[in-house]
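[1] Return atomic coordinates for the entry below.
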Amino acid sequence: MQPLVEVRDLHYQYDDGTVALDGVDFQLFPGETVAVFGANGSGKTTFALHLNGLLMGQGSVTVCGMPVRPDTLAQVRQKVGLVFQDSDNQLFMPTVLEDVAFGPLNLGLDRGAAQARARETLAAVGMAHASAKAPYHLSAGEKKRVAIAGILAMSPEILVLDEPTTFLDPPGQNALLELLDQLPQAKILVTHDVDCARALASRAIFFDKGKIAGEGTVEEIVARFRWDRIALSRPASSRL
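    Residues are numbered from 1 along each chain as shown. Here you go, the predicted structure:
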């Protein structure tokens, strides 16, 4: 089986000299969900931002057989949908329907077709009733669903979700996990949430100082790095 994502010897250094990625190798296969654990600053989000070309380091990133480089970004970003930790960074149009239709419009669909696709994806995430609302009137859980709908409207093959359960209360977390579990796309979950990973992921990796320090099942990685104890010991404010 050919991987949907293949990363080889990926390095990235920020302008201040901070080494964020130090030789990362990774593969994601069709239908797979992989949890990405690690402390803040370990390289998790930097890694995720390379998967659709928001950052470009040294090494190679291949998505659906395409190398990620400036001349392939439009095609790559149709394949990889990135859902940010804070949905307010992703929702910016006057209404929910316009927000979800924005991506299809940029793909070249006419307004009618783009809005039809937006309504379809809003229905799929249980947010059809909110199409005329302003995004800022929504709850955190509703915003997350609309952000996911906006990504699904682009028909991606891969979803990359950065801390998807952040800002959600327990009912909102459970509803989101049920939604994500039903989606057919391969997924990468950048998360501190062990319960989220247990519910969705078949495999986990652990970042430490810009390297993948371990790989295995979620339970193997949680046990090896004592991640359930570490995550639970963090103050509630720092887990947001």
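
[2] Thr45: which element?
    Element membership for Thr45 (DSSP states H and E) is helix 44-50.

[3] same check, this time on Ile212
    Going by DSSP H and E, Ile212 is in strand 211-216.

[4] Run through who's touching the very next helix or strand once past the helix holding Thr45.
    With elements assigned by DSSP H and E, the helix or strand that comes after helix 44-50 is strand 58-63. Strand 58-63 is contacted from outside by 3-12, 23-24, 50-52, 67-68, 76, 79-80, 158, using C-beta atoms under 8 Å, 6 or more residues apart in numbering. Just so you know, the C-beta spots here come from the backbone N, C-alpha and C atoms, and that holds for glycine as well.

[5] how about 6 Å then?
    Val5, Glu6, Val7, Arg8, Asp9, Leu10, His11, His50, Val68, Val76, Lys79, Val80 (C-beta atoms under 6 Å, 6 or more residues apart in numbering).

[6] In helices, which of the residues you listed fall?
    Using DSSP state H, His50, Val76, Lys79 are the members of these that sit in helices.

[7] and the strand holding Ile212, what does it pack onto?
    With contacts taken as 3 or more C-beta pairs under 6 Å, 6 or more residues apart in numbering; DSSP states H and E, strand 211-216 sits against strand 203-208.

[8] for the most centrally placed residue in the chain, helix, strand, or coil?
    By C-alpha atoms, centre = their mean, the chain has its centre lying nearest to Leu161, at 1.8 Å. The local conformation at Leu161, judged by DSSP: H, G, I helix; E, B strand; the rest coil, is strand.

[9] Grab the nearest non-local neighbour of it.
    In space, and not counting its chain neighbours, Leu161 is closest to Val83: 4.6 Å by C-beta to C-beta, 6 or more residues apart in numbering.

[10] Just confirm that neighbour contacts Ile158, I think it does.
    No. With contact defined as C-beta atoms under 6 Å, Val83 does not reach Ile158; the gap is 11.2 Å.

[11] Relative to Thr18, how far out is Val148?
    Small correction: residue 148 is Ile, not Val. Ile148 sits 31 Å away from Thr18, going by C-beta to C-beta, to the nearest Å.

[12] So which of these two has more stuff around it?
    Using other C-beta atoms under 10 Å as the criterion, Ile148 and Thr18 rank with Ile148 on top: 26 against 11.
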